[in-house]
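Participant: structure for this input, please:
(2 chains)
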Protein chains: 2
Amino acid sequence: VKVAAIGGGGWGTALASVLSKKGHEVSLWVYEADLATRLKATRENDIYLPGVKLPPAVAVTTSLRESVAGAEMILFVTPSHVLRATAARLADEAPAAFAVAPLVVVATKGLEKESLARMSEVLAATLPAPAGRDAVVLAGPSHAEEVARQIPTAIVAACRDRARAEAVQEACSTEWFRIYTNDDVVGVELGVSLKNVVAIAAGISDGLGFGDSTKAALLTRGLAEIARLGRALGARPDTMAGLAGMGDLIATATSRHSRNRRLGEAVGRGANLAEALAASPMVAEGVGTCEAAVELARRHGVELPIAEQVHAILFEGKSARAALRELLTRDLKPEAESRVRRES
Amino acid sequence: VKVAAIGGGGWGTALASVLSKKGHEVSLWVYEADLATRLKATRENDIYLPGVKLPPAVAVTTSLRESVAGAEMILFVTPSHVLRATAARLADEAPAAFAVAPLVVVATKGLEKESLARMSEVLAATLPAPAGRDAVVLAGPSHAEEVARQIPTAIVAACRDRARAEAVQEACSTEWFRIYTNDDVVGVELGVSLKNVVAIAAGISDGLGFGDSTKAALLTRGLAEIARLGRALGARPDTMAGLAGMGDLIATATSRHSRNRRLGEAVGRGANLAEALAASPMVAEGVGTCEAAVELARRHGVELPIAEQVHAILFEGKSARAALRELLTRDLKPEAESRVRRES
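Facilitator: Numbering: from 1, shown residues only, chains lettered A, B, ... in the order given. Below you'll find the predicted structure:
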């Protein structure tokens, strides 16, 4: 299969590598011209995935039109805040690519700050129909660094159209990179996006010197609040118990690989948002998603105690210690009631 | 309140410390005479909780009768394999302690290998009625090392009788040690026991050099299999989404403090069970619980793929790598179906 991977961050580079090793003809579109030049010369993405060799067969280009020429699968894997602009530019520069109805896949996670849209919604609104409709969401507990090293990983391909999800499963699965299908697109996208906000909270807890049990309690409540917003938006509860919910939350909030957890840790140690962001060239998706989630929850009348405290810390100057204290010393209630009490 | 803490392991020592600092009159019963002597002299439990000072007000004794004299709350916190014998000896040596109907609390986790009983069932069968009935289960995501250092922790007090759970909540909660009540005793005990088996699997994954995403996928499936056995035994699904299910699983399987995870790590690196057990004086509850869980699941017609593979590794000489490979490369199916497929 001819595949265009749109986005040369760590995850795009890792996915291009997996697909190429599986025998697909892969073209990787890279935004930064200097990075593309070095990537062609050294086969190493020295900004976003240092230490990993890109297979020789992966073509690297900065031309969107070139990357999608003849592509049967187009995989979007840009940062969330540039997905809309990139997809619009692609539709404009290479309309022919969509005439043949390629399989559109999106591995970008997050909620768009302005529109509050999920990434598959952004593509549906931006790409020509029917290709932009029913993009397959490819996401779950994974780290580019691990996938590139063939460490066993299991994620999800989600689409309302089961045949499309199965096509992605078939195209991308390897023995150690397992893909399970799911038809709950809303649940999968909310799970993998909102987990980044909870991972920031978990990082803050780490940065304040709290423990493994503190973090476990935060993650338990975090998944409950993600599920609560999910229910309001039509997600299935069992999705949150699966790879895109609990799985991705654990993989992100407990890993040294997670940019969002690390950003939270810096904030917990006293950095402000600008300082914490400056520490890495990678995008911490949880920051924008936090703003979107708090607004989305407000519109739907759902309260998200953790996302609200993360918002207060990142954007309203609230002390990290005071915010975590509020979260961790809430009124003592029966457990189930405590998890849902804000709904009533 | 006068409290007898029966068991001087790490968790018993930490709980005695919390209760004493809260102003209760605490007597800590220690099995090992030499440890009791040193604990009285140095106020440090140098075997099970080194580096932590026991408050001066905690009385240390090796006499069961002395420890429970006048106790209004009796807290059992022995290893699971000696709970029955210890409770029987206590009932025999100090029958008067049960005449006044003390509040019985059990912080021991595990399933008894021979009877497959939960710890509250062991007490119900062993202590004089009515004291032994409806013991309050005190458990959840916590590490003795962290609780002793006043690191924020949230756990559960579970009892069918809400008033008893609330009495324990009131007696034990502090600002940083939060206790939530729950009336699903079966779910809480199964969650906090079986998580040790999954934590061994997570440790094996670590020992084999697998990644954070590998572990996240294992934990997601692990909680699904705990919930599956729980359903068969009458537990509520929402308990598994709470502190005693997901919370305790994360706290155990991702922490350097967990004896069960560390045992699994040693096995993943090539040690056999005897070698891995010899590495620490602490009891790894997951080993016995694994045997009980596999038998319990067989009797109820539930399959537990992770517990079964851990059993095969620990007791049947199966290679850790081969077992994890089987777990991680199962047939590709829709995700929800994959989580429940063994039930059909």
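
Participant: wait, A:Arg38 sits on A:Leu54?
Facilitator: No - using CB atoms under 8 Å, A:Arg38 is not in contact with A:Leu54; the gap is 11.0 Å. C-beta coordinates here come from the backbone N, C-alpha and C atoms, glycine included.

Participant: these two - which one has more neighbours?
Facilitator: A count of neighbours by other CB atoms under 10 Å in any protein chain shown puts A:Leu54 above the other of A:Arg38 and A:Leu54, at 23 against 17.

Participant: re the thing from before, where do the contact lists of A:Arg38 and A:Leu54 overlap?
Facilitator: A:Glu44 (CB atoms under 8 Å, 6 or more residues apart in numbering or on different chains).

Participant: residue boundaries of the strands in the stretch 101-250 of chain A?
Facilitator: A:103-106, A:136-139, A:153-158, A:177-182 (DSSP state E, counting those that start in this stretch).

Participant: give me whichever of those strands is most buried.
Facilitator: strand A:153-158 (a mean of 30; mean count of other CB atoms under 10 Å in any protein chain shown).

Participant: and it, average pLDDT?
Facilitator: Strand A:153-158 carries an average pLDDT of 98.

Participant: please apply the same query to stretch A:91-110.
Facilitator: Mean pLDDT, stretch A:91-110: 95.

Participant: for that stretch, list the C-alpha coordinates in CSV.
Facilitator: Taking Å, rounded to 0.1, in the frame of the first residue of the first chain, the C-alpha atoms of stretch A:91-110 are listed here in CSV:
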residue,chain,number,x,y,z
ALA,A,91,-6.9,19.7,0.0
ASP,A,92,-6.0,22.9,-1.8
GLU,A,93,-2.6,21.8,-3.2
ALA,A,94,-3.5,18.2,-4.1
PRO,A,95,-7.2,17.8,-4.7
ALA,A,96,-6.5,14.9,-7.0
ALA,A,97,-5.4,12.8,-4.0
PHE,A,98,-9.0,12.8,-2.7
ALA,A,99,-10.6,11.9,-6.0
VAL,A,100,-9.6,8.3,-5.5
ALA,A,101,-11.1,8.1,-1.9
PRO,A,102,-8.0,7.2,0.0
LEU,A,103,-8.2,5.7,3.5
VAL,A,104,-7.9,8.7,5.8
VAL,A,105,-6.3,8.0,9.2
VAL,A,106,-5.7,10.5,12.1
ALA,A,107,-3.1,9.8,14.8
THR,A,108,-3.2,13.4,16.1
LYS,A,109,-4.6,13.7,19.6
GLY,A,110,-6.3,16.7,21.2
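
Participant: hmm, that stretch in reach of chain B?
Facilitator: No - judged by CB under 8 Å from any CB of the partner chain, stretch A:91-110 and chain B are separated, with a smallest distance of 14.2 Å.

Participant: buried ones in that stretch?
Facilitator: Within stretch A:91-110, the residues that count as buried by 16 or more other CB atoms under 10 Å in any protein chain shown are A:91, A:94, A:97-98, A:102-110.

Participant: same deal with stretch A:237-254?
Facilitator: Under the neighbour-count criterion of 16+ other CB under 10 Å, stretch A:237-254 has A:237-254 buried.

Participant: and these near chain B, which?
Facilitator: Among the buried residues of stretch A:237-254, proximity to chain B is found for A:Asp238, A:Ala241, A:Gly242, A:Leu243, A:Met246, A:Gly247, A:Asp248, A:Ile250, A:Ala251, A:Thr254 (CB under 8 Å from any CB).

Participant: tell me how many other residues crowd the residue lying closest to the third one once chain neighbours are set aside.
Facilitator: Spatial nearest neighbour of A:Gly242, excluding adjacent residues (CB to CB, 6 or more residues apart in numbering or on different chains): B:Glu335 at 5.3 Å. In terms of burial, B:Glu335 registers 28 neighbours under the definition other CB under 10 Å.

Participant: and the stretch 51-200 of chain A, which residues reach chain B?
Facilitator: So far as CB under 8 Å from any CB goes, the stretch 51-200 of chain A lies against chain B at A:141-143, A:146-147, A:149, A:151-154, A:156, A:162, A:169, A:173, A:175-176, A:178-183.

Participant: now the terminal residues of stretch A:127-142, how far apart.
Facilitator: For stretch A:127-142, the separation between the terminal residues is 27 Å (CA to CA, to the nearest Å).

Participant: now swap in stretch A:122-137 and tell me
Facilitator: Taking CA to CA, the first and last residues of stretch A:122-137 lie 12 Å apart.

Participant: ok, stretch A:288-308 next?
Facilitator: 13 Å.

Participant: contacting residues for the nearest residue to A:Tyr48 once chain neighbours are set aside?
Facilitator: Excluding the flanking residues, the one nearest A:Tyr48 by CB to CB, 6+ apart is A:Gly10, at 4.1 Å. Taking CB under 8 Å, 6+ apart, we find A:Gly10 in contact with A:Asn45, A:Tyr48, A:Leu49, A:Ala144, A:Glu145, A:Met282.

Participant: if you set the cut-off to 7 Å instead, what comes out?
Facilitator: Listed by CB atoms under 7 Å, 6 or more residues apart in numbering or on different chains, the contact set of A:Gly10 reads A:Tyr48, A:Leu49, A:Ala144.

Participant: ok, A:Ile155 touching A:Val136?
Facilitator: No - the criterion here is CB atoms under 7 Å, and A:Ile155 misses it with A:Val136 at 11.8 Å.

Participant: re earlier: can you redo the strands of the stretch 101-250 of chain A as JSON lines with distance to B:Arg228?
Facilitator: Shown next, in JSON lines, are these (distance: least, CB to CB, whole Å):
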{"stretch": "strand A:103-106", "distance to B:Arg228": "32"}
{"stretch": "strand A:136-139", "distance to B:Arg228": "25"}
{"stretch": "strand A:153-158", "distance to B:Arg228": "18"}
{"stretch": "strand A:177-182", "distance to B:Arg228": "17"}
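
Participant: same for the helix or strand containing A:Ala322, what does it pack against?
Facilitator: A:Ala322 is part of helix A:320-328 when elements are defined by DSSP states H and E. Using 3 or more CB pairs under 7 Å, 6 or more residues apart in numbering or on different chains; DSSP states H and E, the elements in contact with helix A:320-328 are helix A:185-207, helix A:305-316.

Participant: quick one: distance of the first one to the chain centre.
Facilitator: Pointing back at helix A:185-207 there. On the basis of CA atoms, centre = their mean, to the nearest Å, helix A:185-207 sits 9 Å off its chain's mean C-alpha point.

Participant: dump it to PDB, restricted to CA.
Facilitator: Output of helix A:185-207 as PDB, limited to C-alpha atoms (Å, rounded to 0.1, in the frame of the first residue of the first chain):
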ATOM      1  CA  VAL A 185     -14.900   7.200  17.800                       C
ATOM      2  CA  VAL A 186     -16.100   9.800  20.300                       C
ATOM      3  CA  GLY A 187     -15.000   7.800  23.300                       C
ATOM      4  CA  VAL A 188     -11.600   6.900  21.800                       C
ATOM      5  CA  GLU A 189     -10.800  10.600  20.800                       C
ATOM      6  CA  LEU A 190     -11.900  12.000  24.100                       C
ATOM      7  CA  GLY A 191     -10.000   9.300  26.100                       C
ATOM      8  CA  VAL A 192      -6.700   9.800  24.300                       C
ATOM      9  CA  SER A 193      -7.000  13.600  24.300                       C
ATOM     10  CA  LEU A 194      -8.200  14.200  27.900                       C
ATOM     11  CA  LYS A 195      -5.600  11.800  29.300                       C
ATOM     12  CA  ASN A 196      -3.000  14.400  28.500                       C
ATOM     13  CA  VAL A 197      -4.700  16.900  30.900                       C
ATOM     14  CA  VAL A 198      -4.700  14.300  33.700                       C
ATOM     15  CA  ALA A 199      -1.100  13.400  32.900                       C
ATOM     16  CA  ILE A 200      -0.200  17.100  33.500                       C
ATOM     17  CA  ALA A 201      -1.900  16.800  36.900                       C
ATOM     18  CA  ALA A 202       0.000  13.500  37.600                       C
ATOM     19  CA  GLY A 203       3.300  15.300  36.700                       C
ATOM     20  CA  ILE A 204       2.400  18.200  39.000                       C
ATOM     21  CA  SER A 205       1.900  15.600  41.800                       C
ATOM     22  CA  ASP A 206       5.400  14.100  41.000                       C
ATOM     23  CA  GLY A 207       6.900  17.600  40.900                       C
END
